[in-house]
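Chemist: fold the following for me, if possible:
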Amino acid sequence: QVQLVESGGGLVQAGGSLRLSCVASGGIFSHYAMAWFRQAPGEEREFVAGIRWNGASVYADSVKGRFTISRDNGKNTLYLQMNTLNPDDTAVYYCAARRSSVIYTIAAMYHNWGQGTQVTVSS
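Modeler: Residues are numbered from 1 along each chain as shown. Reported below is the predicted structural model:
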């Protein structure tokens, strides 16, 4: 089982940027499809972006053009660059992994989760 630890969350003004990181350990990172999900209070956990071992990526419509997912297989690290943030992006952001070459957009398909990092965007 791979263990995941996120970092990089914080408080930012609308229009600002943040970069989230997720460090993986305990598995062969390149064997895993990786994803970012987020969960706002009272809401379901929703897919943000996912990436295959080779860098192929998928985005939720709500973040396309603003967020960029990337990974460094040599450093066992997943990233999420978030630009032009708005208050609707406020949530706890989670890193997820599944030993697969397929990117799933459903949270239940992922077996490994980080503890989450809070992102708050003020208006």
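Chemist: ok, now which ones touch residue 18?
Modeler: Taking Cβ atoms under 8 Å, 6 or more residues apart in numbering as the contact definition, residue 18 lies against 8-10, 12, 82, 85, 119. Heads up, the C-betas are built off the backbone N, CA and C, glycines and all.
Chemist: meant to ask about residue 31
Modeler: Counted by Cβ under 8 Å, 6+ apart, residue 31 has contacts 53, 99.
Chemist: now swap in residue 110 and tell me
Modeler: Residues near residue 110 by Cβ under 8 Å, 6+ apart: 35, 37, 96-98, 104.
Chemist: so the most centrally placed residue in the chain is in which element?
Modeler: When Cα atoms, centre = their mean is applied to the chain, the residue found nearest the centroid is residue 36 (2.2 Å). According to DSSP states H and E, residue 36 maps onto strand 32-39.
Chemist: pull up the pairing partners for that strand, direction included.
Modeler: Strand 32-39 pairs in its sheet with strand 46-51 (antiparallel), strand 91-99 (antiparallel), by DSSP bridges.
Chemist: now the shortest one - C-alpha only, CSV.
Modeler: Written as CSV, here are the backbone C-alpha positions of strand 46-51 (Å, rounded to 0.1, in the frame of the first residue of the first chain):
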residue,chain,number,x,y,z
GLU,A,46,-15.4,15.6,-6.2
PHE,A,47,-12.8,14.8,-8.8
VAL,A,48,-10.4,17.7,-9.7
ALA,A,49,-7.8,16.1,-11.9
GLY,A,50,-6.0,12.9,-12.6
ILE,A,51,-2.8,11.7,-14.3
